[in-house]
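Enquirer: Give me the fold of what follows.
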Amino acid sequence: MSDTRTPAQIEADIISRRAQLAVVLDEIGVRVHPKTMIGDAKARMASTVDRTAGRAFVAVNRSVSDVKAQFVAEDGSPRLARVIPAAVVVAGAVALLTVSVRGRKR
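Expert: As a prediction, the model looks like this:
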């Protein structure tokens, strides 16, 4: 296989390849630079936190909606058959905590 390029064409190809190689090496240098790697890690972590926070928000919102559905009818009125017993339980728990805290202070 014979090369029909002239020495000037070969030299131009070499210069072109060197320029391309320099660009690739610069890109690699930027990618492996510690600041770049730290920035990429921070971006990945922020993305993970955002995704996790979004999932947590959806789960909490669903739970709140489920609890609300237990105490509020579809028309928006309170379901007294469930609200009153829950209020009594909460009041009892608060009373027990109050007595317990006062007992410790003596």
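
Enquirer: Which residues outside stretch 47-63 are in contact with it?
Expert: By Cβ atoms under 8 Å, 6 or more residues apart in numbering, no residue outside stretch 47-63 reaches it. Bear in mind the C-beta positions are built from the backbone N, C-alpha and C, glycine included.

Enquirer: As CSV, could you dump the C-alpha coordinates of it?
Expert: Extracted as CSV, the C-alpha positions of stretch 47-63 are listed here (Å, rounded to 0.1, in the frame of the first residue of the first chain):
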residue,chain,number,x,y,z
SER,A,47,-29.6,15.6,42.7
THR,A,48,-29.9,12.6,45.0
VAL,A,49,-31.0,14.8,47.9
ASP,A,50,-33.6,16.6,45.7
ARG,A,51,-34.9,13.2,44.5
THR,A,52,-35.1,11.8,48.0
ALA,A,53,-36.7,15.0,49.4
GLY,A,54,-39.3,14.8,46.5
ARG,A,55,-40.1,11.2,47.3
ALA,A,56,-40.4,12.0,51.0
PHE,A,57,-42.7,14.9,50.3
VAL,A,58,-44.9,12.7,48.2
ALA,A,59,-45.0,10.0,50.9
VAL,A,60,-45.8,12.5,53.7
ASN,A,61,-48.4,14.2,51.5
ARG,A,62,-50.0,10.8,50.8
SER,A,63,-50.0,9.9,54.6
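
Enquirer: for the record, mean pLDDT for it?
Expert: Taken as a whole, stretch 47-63 carries a mean pLDDT of 94.

Enquirer: Can you get me a residue count around residue 86?
Expert: 13 (other Cβ atoms under 10 Å).

Enquirer: where does it land on pLDDT?
Expert: Per-residue pLDDT puts residue 86 at 91.
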